[in-house]
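K.L.:
What follows is a protein structure lacking sequence information:
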């Protein structure tokens with residue numbers, strides 16, 4: 001019986017060690033993606049319920065909106081009107097087209113190109129579906145500086161920003177995990193700026209933006225899980241060479 005317990009504990013330790021191994025494709029990255037997917041899904045479900053029922057978090061929307069209106073300034077409005085385009089298809093589609101050309105021509109990576117477009121188009125389809133199902137009105141038109149139309153929840157700009165900039169960061173991160181670590185927080189910062197701009201400009205409520213963040217997080221995490229689970233072992237980068245290649249070596 002003691003031997004059975006020892007074997008069980010040894011196997012459990014080995015399983016946990018593999019789940020947090022940063023070198024393995026099914027290690028730390030996959031574990032983090034699963035946790036993000038679960039947390040984002042739970043948050044999105046709760047906010048969707050709140051948007052439908054008008055519960056307490058939605059009451060906070062009006063308070064945040066009032067605060068944003070009180071702190072509007074000419075220079076800040078101009079900045080926000082420019083930054084909000086970072087979550088628009090008008091900007092994101094050309095960026096993804098340029099990235100696709102780079103990966104197809106310079107690197108001949110069809111998988112990365114397909115992943116970017118599946119991520120982006122899937123995100124658009126998801127938020128458009130939820131918008132129709134929830135049908136939440138936008139903030140008062142008199143406060144809207146960008147003349148947004150259609151249902152409000154979730155924010156399409158926020159969802160697109162999370163997914164588009166996020167998938168670009170992760171695709172670039174695959175080849176140079178150490179040198180490109182700044183890409184993930186950079187993508188997160190861009191998404192947060194877009195979300196703040198949507199509230200400031202009166203296009204969305206706070207809950208809309210948080211809902212877009214959660215929806216984009218779920219979708220991006222699910223795609224990352226699929227990528228890590230199906231990626232050929234040959235695509236893994238050894239820990240002693242990842243992002244630490246000698247001068248003159250392959251980059």
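P.N.:
Done, it's in. In this text, all values refer to a predicted model and were calculated from it rather than measured experimentally.
K.L.:
avg pLDDT for the one helix or strand residue 211 maps to?
P.N.:
Assessed by DSSP states H and E, residue 211 sits inside helix 206-230. The pLDDT scores in helix 206-230 average 92.
K.L.:
So residue 147: helix, strand or coil?
P.N.:
coil (DSSP: H, G, I helix; E, B strand; the rest coil).
K.L.:
And the pLDDT at the nearest residue to it once chain neighbours are set aside?
P.N.:
In space, and not counting its chain neighbours, residue 147 is closest to residue 141: 7.8 Å by C-beta to C-beta, 6 or more residues apart in numbering. The C-beta positions use only the backbone N, C-alpha and C, and glycine is treated the same way. Residue 141 is assigned 87 on the pLDDT scale.
K.L.:
so how far is residue 39 from residue 141?
P.N.:
34 Å (C-beta to C-beta, to the nearest Å).
K.L.:
More neighbours: which of those two?
P.N.:
Shown here are residue 141 and residue 39; by other C-beta atoms under 10 Å, residue 39 has more neighbours (14 against 11).
K.L.:
tally of neighbours for the nearest residue to residue 165 once chain neighbours are set aside?
P.N.:
Computed as C-beta to C-beta, 6+ apart, the closest residue to residue 165 that is not its neighbour in sequence is residue 187, at 3.9 Å. Residues lying near residue 187 (other C-beta under 10 Å) number 23.
K.L.:
How about residue 120?
P.N.:
So residue 120, with other C-beta under 10 Å, has 21 neighbours.
K.L.:
Can you point out the buried residues in the strand or helix carrying it?
P.N.:
Element membership for residue 120, per DSSP H and E: helix 110-134. Buried residues in helix 110-134, counted by 16 or more other C-beta atoms under 10 Å: 112-113, 115-116, 119-120, 123-124, 126-127, 130-131, 134.
K.L.:
can you give me the helices for the stretch 1-150 of the chain?
P.N.:
Along the stretch 1-150 of the chain, the segments classed as helices by DSSP state H, counting those that start in this stretch run 2-19, 28-53, 56-70, 74-83, 89-101, 110-134.
K.L.:
My guess is the residue nearest to residue 165 contacts residue 173. True?
P.N.:
No: with contact defined as C-beta atoms under 8 Å, residue 187 does not count as touching residue 173 (9.7 Å).
K.L.:
Now do the helix holding residue 120: everything it contacts.
P.N.:
Here helix 110-134 makes contact (C-beta atoms under 8 Å, 6 or more residues apart in numbering) with 48, 51-52, 89, 92, 96, 99-100, 103-104, 150-156, 159-160, 162-164, 166-168, 171, 174, 211-212, 215-216, 219-220, 223, 227.
K.L.:
For the helices of the stretch 1-150 of the chain, could you give me CSV that also reports distance to residue 196 and mean pLDDT?
P.N.:
Putting the helices of the stretch 1-150 of the chain into CSV (distance: least, C-beta to C-beta, whole Å; pLDDT from 0 to 100) gives the following:
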stretch, distance to residue 196, mean pLDDT
helix 2-19, 35, 54
helix 28-53, 17, 87
helix 56-70, 9, 84
helix 74-83, 8, 95
helix 89-101, 17, 95
helix 110-134, 18, 93
